[in-house]
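In: Any chance you can model this:
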Amino acid sequence: CDHNLHASLVEGALRSPARTVRFRHNDLDHLERCLENCPPDEKILIVSEGVFSMEGDVADLQGIMKLAKPYGARVYVDEAHGIGVLGQTGAGAAEELGVLDEVDLVMGTFSKSLASVGGFVAGERAVIDYLKHTARPFVFSASLPAASVAAVSAALQIMKKEPERRLHLLRTANMLREELLARGFAVLPGQTAIVPVVIREELDLCRLCKALLEEGIYINPVLRPAAAQNLLRISCTAAHTEKHVERLVTTLDKTARALGIEP
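Out: So this is what the prediction gives:
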């Protein structure tokens, strides 16, 4: 599994009796070496996020699929932050990169772009039937409320009928990146709705988030070791406008300077 997997995926791997091997983030050369070191009779599942939740970058799923085939490995992709953002129909990073039909298991959440609670795992019928009857967290949990499922269904219809929302979101996020870079902020590269800004010192990051909240702007701080660097993790939505971006950039620049935090 990728080194930068979300903590929930890591917890799942640790609960499994399977041997867990982590490869360096988005490093296909290291992944290949890990695959080479697997015993020939060992069943392999490569686990990656489509869009990584902290950094907002996209996995090289095309490269992962090419590596998986010679080793008979299956591929599991978490599309929590890709669904509703990437792909021609908003199905996520795997669709965006043209490998959706090749991925063995796709996992997603209803709590992001689908505005509800719960989640899903999609794959071959035999695999899903197996999970339904053997996955303890699923077997011993209650069904989702009907209202929550109805909200997901409605969100999927909107996503299908109004693709302009997704395109607007990507334009807004790209505009935000460009404006922040122009002001000298250290923005991690990416093309998704997650725009992470590197703030070197933990205390500075916490002070900045508190000051922004007092200005009516809520942004999540991400502290090491949750990510490799301390990040001001900005999340864009389809409801944000150019005016929102302008206000955020202006306020962030002014607040950072007032606190003596250099970009």
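
In: Next, count neighbours for residue 196.
Out: For residue 196, the neighbour count with other C-beta atoms under 10 Å is 26. In this view, the C-beta of every residue, glycine as well, is placed from N, C-alpha and C.

In: What strand or helix carries it?
Out: Assigned by DSSP states H and E, residue 196 falls within strand 194-198.

In: How far does that strand sit from its chain's centre?
Out: Computed by C-alpha atoms, centre = their mean, to the nearest Å, the separation of strand 194-198 from the middle of its chain amounts to 13 Å.

In: Can you name the element that comes right after it?
Out: Immediately after strand 194-198, counting by DSSP H and E, sits helix 202-214.

In: who are the neighbours of that following helix, in terms of helices and strands?
Out: For helix 202-214, the elements it packs on are strand 220-222, strand 231-235, helix 242-258, judged by 3 or more C-beta pairs under 8 Å, 6 or more residues apart in numbering; DSSP states H and E.

In: Partner strands of the first one and their direction?
Out: To tie it back to what came earlier, the one meant is strand 220-222. Sheet pairing of strand 220-222 (DSSP bridges) gives strand 231-235 (antiparallel).

In: could you give the mean pLDDT of the strand it pairs with?
Out: If you average the pLDDT over strand 231-235, you get 96.

In: repeat for stretch 238-257
Out: 96.

In: cool, and stretch 80-87?
Out: 96.

In: Buried residues, that stretch. List them.
Out: For stretch 80-87, burial by neighbour count (16 or more other C-beta atoms under 10 Å) applies to 80-87.

In: again, but for stretch 249-263
Out: Applying a neighbour-count criterion of 16+ other C-beta under 10 Å, one finds 249, 252-253, 255-256, 261, 263 buried in stretch 249-263.

In: how does the protein divide up, domain by domain?
Out: Following automatic domain parsing, one gets these domains for the chain: 7-161, 164-258.

In: Let me have those domains in TSV, extended by distance to residue 1.
Out: Listed next are the domains of the chain as TSV, based on distance: least, C-beta to C-beta, whole Å:
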stretch	distance to residue 1
domain 7-161	4
domain 164-258	16
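
In: how about the helices in the stretch 1-150 of the chain?
Out: Along the stretch 1-150 of the chain, the segments classed as helices by DSSP state H, counting those that start in this stretch run 7-15, 28-36, 61-68, 93-96, 125-134, 136-139, 146-161.

In: Would you mind writing the CA trace of the fourth one as CSV?
Out: Below are the C-alpha coordinates for helix 93-96, written out as CSV (Å, rounded to 0.1, in the frame of the first residue of the first chain):
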residue,chain,number,x,y,z
ALA,A,93,-9.3,9.4,-10.7
ALA,A,94,-9.5,5.9,-12.2
GLU,A,95,-12.1,7.2,-14.7
GLU,A,96,-10.0,10.3,-15.4
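
In: quick one: that helix to chain centroid distance?
Out: On C-alpha atoms, centre = their mean, the centre of helix 93-96 falls 12 Å from the chain's centre.

In: Going forward, the N-terminal residue is numbered 38.
Out: With 38 as the first residue, the last one maps to helix 130-133.
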